[in-house]
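> Build me a model:
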Amino acid sequence: MNCNQTVICGTIIQVDGLRYTPAGVAVTEFKISHVSRQIEAGKLRQIECEISAIALSRLAETVAGMTTGDKVKLTGFLAKKSRMSLQLVLHVSNVDII
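Numbering: from 1, shown residues only. Alright, predicted model coming up:
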């Protein structure tokens, strides 16, 4: 199965500094806070969560220039934080400021 796409909107709550991989690829890790109301089993439910995300290359440079409080729409895919971790991280393929 190849279906792994995520779209979520939120507010940036943390942006780590821009760094580079040994191969010279720009990387920025950041977090967003998501708050919404969703319908589940016919009932309205308040949703609040924090999402860890990572951006590479030009997107990393774009995100590194953002500040806490910026509202964004992120598109990407989910993957484990590391080979030995079960924690998921959103790998961002597109960022829209909203």
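> any idea of the mean pLDDT for the helix or strand G76 falls within?
Using DSSP states H and E, G76 sits in strand 71-80. Confidence for strand 71-80, expressed as mean pLDDT, is 97.
> Summarise which helices and strands that strand is packed against.
Applying 3 or more C-beta pairs under 8 Å, 6 or more residues apart in numbering; DSSP states H and E, we find strand 71-80 packed against strand 6-15, strand 43-56, strand 88-97. Heads up, the C-betas are built off the backbone N, CA and C, glycines and all.
> what about 6 Å?
If you count contacts as 3 or more C-beta pairs under 6 Å, 6 or more residues apart in numbering; DSSP states H and E, strand 71-80 packs onto strand 6-15, strand 88-97.
> In TSV, list those along with mean neighbour count.
What follows is those, written out as TSV (neighbours: other C-beta atoms under 10 Å):
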stretch	mean neighbour count
strand 6-15	16
strand 88-97	16
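> which one of these lies closest to D70?
strand 6-15 (4.7 Å; C-beta to C-beta).
> If you count contacts, what does the closest one end up packed against?
In terms of contacts (3+ C-beta pairs under 6 Å, 6+ apart), strand 6-15 is packed against strand 26-40, strand 71-80.
> So what angle separates the directions of that strand and strand 88-97?
Taking axes from the mean of the first three to the mean of the last three C-alpha atoms, to 10 degrees, one finds strand 6-15 and strand 88-97 inclined to each other by 90 degrees.
> helix or strand right after strand 6-15?
Under the assignment DSSP H and E, the closest C-terminal helix or strand after strand 6-15 is strand 19-20.
> Provide the strand pairings for that following strand, with the direction of each partner.
strand 26-40 (antiparallel) (DSSP bridges).
> Give me the buried positions along the partner strand.
Residues of strand 26-40 classed as buried: 26-32 (neighbour count, 16 or more other C-beta atoms under 10 Å).
> next one: phi and psi at the residue of the chain most remote from its centre?
Of all residues in the chain, G42 has its C-alpha farthest from the mean position, at 28.2 Å, by C-alpha atoms, centre = their mean. G42 adopts backbone torsions of phi 80, psi 0, taken as degrees, to the nearest 10.
> Much appreciated, bye for now.
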